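**Q** Kindly generate the corresponding structure for this input.
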Amino acid sequence: MTPKTPKPSSKRLGRGLSTLLGDNSTVPTGSKAPVSGETELVSNQSVRMIAIEWIEAGPWQPRQIFDQEGLEELARSIALKGIIQPVILRPHPDKKNRFQLIAGERRWRAAQLASIHEIPSIIDGFSDKDASELALIENIQRRDLSVIEEAISYRKLIELHQYRQEELADIIGKSRSHIANLLRLLHLPDAVQQMVLHQSLTMGQVRPLIGREDAEQLAKLIKAKNLSARQVEALVSQNGSAHSAKKPQKAEKTSDIRAIEKQAQIDLGLRINLDWQEDKEKGTLSMSLTSLDQLEDILGKLGIKTA
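**A** Residues are numbered from 1 along each chain as shown. All right, here's what the predicted structure looks like:
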């Protein structure tokens, strides 16, 4: 099956925001420029001063938790020196003269704390797909997301836009194994994910718990005793038989695997099942046959002659 080629727009977004915003575009806030006023940027985009209350956070925003102390620090900086980079918006699809925020939510929130009424903005007609990509890239490049927020964003992009992990890796500039490892964290119980989200536990501490029935119980113990990642691995190894009542559940099939199965069914006229172990890079392929004629036909397509 021929792999999909990322669209040019995806590659453009994958190179980061510098091509869109320019490298050093400082726009002072507090000016009373009309909404129609425009300032040229390095990238030939234009900045418009948009009222804070006309802007809404987009549904694709990956960040769930905002550090209040960090926001207040940014608000003080904005009050003194203005916003260093404009936020990126698109026209709201359902509300006239309103906008959805794609990138720059921290600046938007901090500007409100600083009692800034208008902020410099770049407005473009991004699709839902490009908006979700750009929001994720902006957060990853400018301020680290938690691994859970990052994993949830990857899953949304894969589910909504049918990305392969390889395509997504190319767009955001990460390795496929990085994306796969983060997605595995979403198999942990919600309570454990919340501990990672709120920085009570790290990825290294919870990774050995993936697939365990007692993951939540162990996570509480790890947090209480402040165990290191290495200590967690030793704990899980020592207590495997006592605490793990069930084998890890099979991971849900990825869109890549389902696509391969579907294409094989079309090409071969047979229903196939592919069980693929992502972490071990191996798997098992089975076919459902109803006659020896079907088997001979498959072997013939493989170049195997039968008597």
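
**Q** Going by C-alpha atoms from here, please, whenever you check contacts or count neighbours.
**A** Noted.

**Q** residue contacts, Ala169?
**A** 175-176, 179 (C-alpha atoms under 8 Å, 6 or more residues apart in numbering).

**Q** what about burial for those, which qualify?
**A** The neighbour-count test (16 or more other C-alpha atoms under 10 Å) marks Ile179 as buried among the contacts of Ala169.

**Q** of the contacts of Ala169, closest to Leu299?
**A** The shortest approach to Leu299 among the contacts of Ala169 belongs to Arg176, at 33.6 Å (C-alpha to C-alpha).

**Q** Am I right that that closest one is in contact with Gln165?
**A** Yes: in terms of C-alpha atoms under 8 Å, Arg176 counts as a neighbour of Gln165; the distance is 5.8 Å.

**Q** Now do the helices in the stretch 151-300 of the chain.
**A** 165-172, 176-184, 190-197, 203-206, 215-225, 229-238, 240-243, 255-268, 292-301 (DSSP state H, counting those that start in this stretch).

**Q** what's the nearest residue to Ala79 if we skip its chain neighbours?
**A** Ala114 (5.8 Å; C-alpha to C-alpha, 6 or more residues apart in numbering).

**Q** so that neighbour touches Arg76, yeah?
**A** Yes: in this structure, Ala114 is within contact of Arg76 by C-alpha under 8 Å, at 6.7 Å.

**Q** neighbour count winner among the two?
**A** Comparing Ala114 with Arg76 by other C-alpha atoms under 10 Å, the one with more neighbours is Ala114, at 18 against 15.

**Q** quick one: that one from Lys262, how far?
**A** Per C-alpha to C-alpha, to the nearest Å, Ala114 is found 54 Å from Lys262.

**Q** Equivalent analysis for Ile102, please.
**A** Taken as C-alpha to C-alpha, the span from Ile102 to Lys262 is 35 Å.

**Q** Could I get the phi/psi values of the nearest residue to Gln112 once chain neighbours are set aside?
**A** The shortest distance from Gln112 to any residue that is not its chain neighbour, by C-alpha to C-alpha, 6+ apart, is 7.3 Å, and that residue is Ile52. Main-chain dihedrals, Ile52, degrees, to the nearest 10: phi -50, psi -40.

**Q** In TSV, list the contacts of Ala169 along with distance to Thr202 and pLDDT.
**A** Output for the contacts of Ala169, formatted as TSV (distance: C-alpha to C-alpha, whole Å; pLDDT from 0 to 100):
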residue	distance to Thr202	pLDDT
Ser175	20	86
Arg176	21	87
Ile179	17	87
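
**Q** Could you point out which of the contacts of Ala169 is nearest to Arg90?
**A** Within the set of these, Ile179 lies nearest Arg90; the separation is 27.7 Å, counting by C-alpha to C-alpha.

**Q** mind listing what that closest one touches?
**A** Each residue near Ile179 by C-alpha under 8 Å, 6+ apart is listed here: 151, 154, 165, 169.

**Q** and Glu159, how many neighbours?
**A** Close neighbours of Glu159, defined as other C-alpha under 10 Å, add up to 13.

**Q** Model confidence score at Gln112, please.
**A** What the model reports for Gln112 is a pLDDT of 90.

**Q** try Lys223
**A** Reading off the model, Lys223 has pLDDT 92.

**Q** Next: Pro62.
**A** Pro62 is assigned a predicted lDDT (pLDDT) of 64.

**Q** Mind listing what's buried along stretch 214-232?
**A** The neighbour-count criterion (16+ other C-alpha under 10 Å) identifies 214-216, 218-220, 222, 227, 229, 232 as the buried residues of stretch 214-232.

**Q** any weak-confidence spans in the chain?
**A** 1-45, 62, 64, 138-145, 239-251, 279-280, 306-307 (pLDDT under 70).

**Q** Quick one: the strands in it, in order.
**A** 38-40, 46-51, 55-57, 87-91, 99-103, 118-123, 271-277, 282-288 (DSSP state E).

**Q** Tell me which other helices or strands the second one touches.
**A** Counting contacts by 3 or more C-alpha pairs under 8 Å, 6 or more residues apart in numbering; DSSP states H and E, strand 46-51 packs against strand 38-40, strand 118-123.
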